[in-house]
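Peer 1: no sequence on this one, just coordinates:
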DNA sequence: CTAAAACGTTTACAAACGTAATCAATTACA
DNA sequence: TGTAATTGATTACGTTTGTAAACGTTTTAG
């Protein structure tokens, strides 16, 4: 199920919780999110409903409550969002995006090494 | 001038043209953009107005038309947008974002080398 | 057994966004 | 010189988003 239309910023937070705890209940999501944000439970429930309507979440009855799970994979969703982000902000150029992020952010030793390894492989493959 | 609220997807396209042609006129922006998108001139003018209201653009009179220029730098604006993007999509983790982009995209030889150089420097500095 | 708490559903409402038409003033062309 | 085209300003309108209250049903605690 391809989520149409796009997932909004707030909805991303909900999706992230679901992907990390799948399958899970509304109250679990509420617990996780009402700390970070000052959202009322009702607000979070609204996001759950909208995500279902968008086809990004599925649910099944579990007694009197729902168990939610993602209807789309995290990586596919990230890929779509990234494409759309880089297409507006960087005008489709992935290279500048990457160099920008590398320049302007702190990376841990591990992250640096993982990136170097990935780039090595890329280079090999050409 | 810090643009409040955020720049929308469509508005990014306008900003990109302005940054590339600064200072420039509405009709130049319209020319550039109505090819890629199927936007009517009125639509593009609306974006210009909104960007001025948001404080992202400035203008000065030039005869009977305006000359537009950015009121914010491209890099500062990109940085803000990237932060906000990675904070919702990657929950603030920059590392995963980078590895994701490297994994899922084609990079040119030059891009790979630039990234490797950047990472080298980063590693030195720790 | 009854009142409160929990859960899902519906409705609400302002701001932002995508997309544009219309209007008024000015300019340029015939 | 009068009319068409250009330019900026105002208004429009449906959808999405952020943020939530209200409502009805079910479960639970006292």
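Peer 2: It's in. Just so we're clear, the structure is a prediction, and the values are computed from it rather than from any experiment.
Peer 1: residue ranges for the helices of chain A, please.
Peer 2: Counting by DSSP state H, chain A has these helices, from start to end: A:9-21, A:26-36, A:41-53, A:74-89, A:94-104, A:109-125.
Peer 1: near chain B at all, the helix or strand of chain A with the lowest mean pLDDT?
Peer 2: When the helices and strands of chain A are scored by mean pLDDT, DSSP states H and E, helix A:94-104 comes last with a mean of 85. Yes: residues of helix A:94-104 are located near chain B by C-beta under 8 Å from any C-beta of the partner chain, namely A:94-95, A:97-104. Heads up, the C-betas are built off the backbone N, CA and C, glycines and all.
Peer 1: by contact count, what packs against that helix?
Peer 2: helix A:74-89, helix B:74-89, helix B:94-104, helix B:109-125 (3 or more C-beta pairs under 8 Å, 6 or more residues apart in numbering or on different chains; DSSP states H and E).
Peer 1: one more time with 6 Å, if that's ok
Peer 2: helix B:109-125 (3 or more C-beta pairs under 6 Å, 6 or more residues apart in numbering or on different chains; DSSP states H and E).
Peer 1: which strands and helices sit next to the helix it packs on?
Peer 2: Helix B:109-125 sits against helix A:94-104, helix A:109-125, with contacts defined as 3+ C-beta pairs under 6 Å, 6+ apart.
Peer 1: what residues does it touch?
Peer 2: Applying C-beta atoms under 6 Å, 6 or more residues apart in numbering or on different chains, the set of residues contacting helix B:109-125 from outside is A:95, A:99, A:102, A:112, A:115-116, A:119, A:122-123.
Peer 1: buried sites along that helix?
Peer 2: Neighbour-count burial for helix B:109-125 flags B:111-112, B:114-116, B:118-119, B:122 (criterion: 16 or more other C-beta atoms under 10 Å in any protein chain shown).
Peer 1: Those into a markdown table, with extra columns for distance to residue A:29?
Peer 2: Shown next, in a markdown table, are the buried residues of helix B:109-125 (distance: C-beta to C-beta, whole Å):
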| residue | distance to residue A:29 |
| --- | --- |
| B:111 | 39 |
| B:112 | 40 |
| B:114 | 41 |
| B:115 | 37 |
| B:116 | 41 |
| B:118 | 38 |
| B:119 | 37 |
| B:122 | 37 |
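Peer 1: would TSV of those residues with pLDDT and distance to DNA strand C be doable?
Peer 2: Output for the buried residues of helix B:109-125, formatted as TSV (pLDDT from 0 to 100; distance: C-beta to the nearest atom of the strand, whole Å):
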residue	pLDDT	distance to DNA strand C
B:111	93	28
B:112	95	33
B:114	95	31
B:115	95	30
B:116	95	36
B:118	95	31
B:119	95	34
B:122	88	33
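Peer 1: of all those residues, which comes closest to chain A?
Peer 2: Nearest to chain A, judged by C-beta to the nearest C-beta, of the buried residues of helix B:109-125 is residue B:111 at 4.0 Å.
Peer 1: For chain A, which residues are neighbours of chain B?
Peer 2: A:9, A:12, A:16, A:79, A:81, A:85, A:88-89, A:91, A:94-95, A:98-99, A:101-102, A:104-105, A:111-112, A:114-116, A:118-119, A:122-123 (C-beta under 6 Å from any C-beta of the partner chain).
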